[in-house]
Every structure is written in structure tokens, then in C-alpha cells.
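Q: Give me coordinates for this.
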Amino acid sequence: MISQNEQVTSLIEQTANTLDGSIQASTATDGLSLIDQWIDALDENGDDQTDSIADILEDLKSELKPVSGEPADQEAIRDLLEELVSETQSYMETPEASAQQTELGRLVSTLQNIHQQLA
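A: Reported below is the predicted structural model:
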């Protein structure tokens, strides 16, 4: 995923700490900031598989911050979170992710928790 293991570990920890528990406890600014940090990290250090994760994050960011001022489409957000969980789990099975298995597992659990809260 990313050659800078400490950066990834820190970002996973920050994501899990921000989003663990209730999604309502996190602000939209927290979520958008985390998404931006993930996109930057994946763009700087990613590979083909992480590019698809970055693309999902871009779509999720667009859904969370609609341009038209209309409320976010909850179903689209749930679908994107489900896709994000699936892609992240798939990435965990690659040799490149072996150094970050534990952290990625925590990230997947956090994402699944958020997905369930929105379901």
C-alpha cells in the first residue's frame, strides 16, 4: 500500500480513533479531513489496487459534500462504504499489506461499524 509504514499506521490510528464508536460523535469536517489525508497518502505512495481505494474515497467525499447543497444520499454513502470495506479487505490479502495487517484489520472494523450505523 504505502512504503511509509509509520505514516499509514498513524493515519489508520487517527481514522479509527476519530470514527470508533458513534458516527454522530464525528463531525463532517473530521471525516472530510481524514478522507483528504487518505487520498493524499494513497496518491503519493499507492499502487494500482490502492488507486481504486482512492477513487472510492473521492466518490465518498463528493457524496458527503454535495455541491448543490442538497442533503447527502445515504444509500449512495452506504454503497460506497461497502465498496471501501471490500476493497480494503481485498488489499489486506496482498503481500504488500503484510506489514500492516493488524492496522488494516482495525480500519476495516471501523469502516464496517460506520456502514452498520448507516444501514
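
Q: Now the element after the helix or strand residue 43 falls within, going C-ward?
A: Using DSSP states H and E, residue 43 sits in helix 28-45. Following helix 28-45 in sequence order, the next helix or strand is helix 48-64 (DSSP H and E).

Q: before we move on, back to that, report the rounded mean pLDDT for the helix holding residue 43.
A: Helix 28-45 shows a mean pLDDT of 80.

Q: elements contacting it?
A: Packing partners of helix 28-45 (3 or more C-beta pairs under 8 Å, 6 or more residues apart in numbering; DSSP states H and E): helix 5-19, helix 48-64. In short, each C-beta sits where N, CA and C put it, glycine included.

Q: Check those for me: which has the lowest mean pLDDT.
A: Among those, helix 5-19 scores lowest, with a mean of 77.

Q: and the angle for it with helix 28-45?
A: Between helix 5-19 and helix 28-45, the angle comes out at 160 degrees (axes from the mean of the first three to the mean of the last three C-alpha atoms, to 10 degrees).

Q: pLDDT score assigned to residue 67?
A: The model reports residue 67 with a pLDDT of 68.

Q: can you check the one 10 residues further on too?
A: Looking at residue 77, its pLDDT is 86.

Q: Number of residues surrounding it?
A: 17 (other C-beta atoms under 10 Å).

Q: And the helices and strands packed on helix 28-45: which comes nearest residue 74?
A: Closest of the helices and strands packed on helix 28-45 to residue 74 is helix 48-64, at 9.1 Å (criterion: C-beta to C-beta).

Q: which other helices and strands contact the closest one?
A: Where contact means 3+ C-beta pairs under 8 Å, 6+ apart, helix 48-64 is packed against helix 28-45, helix 74-92.
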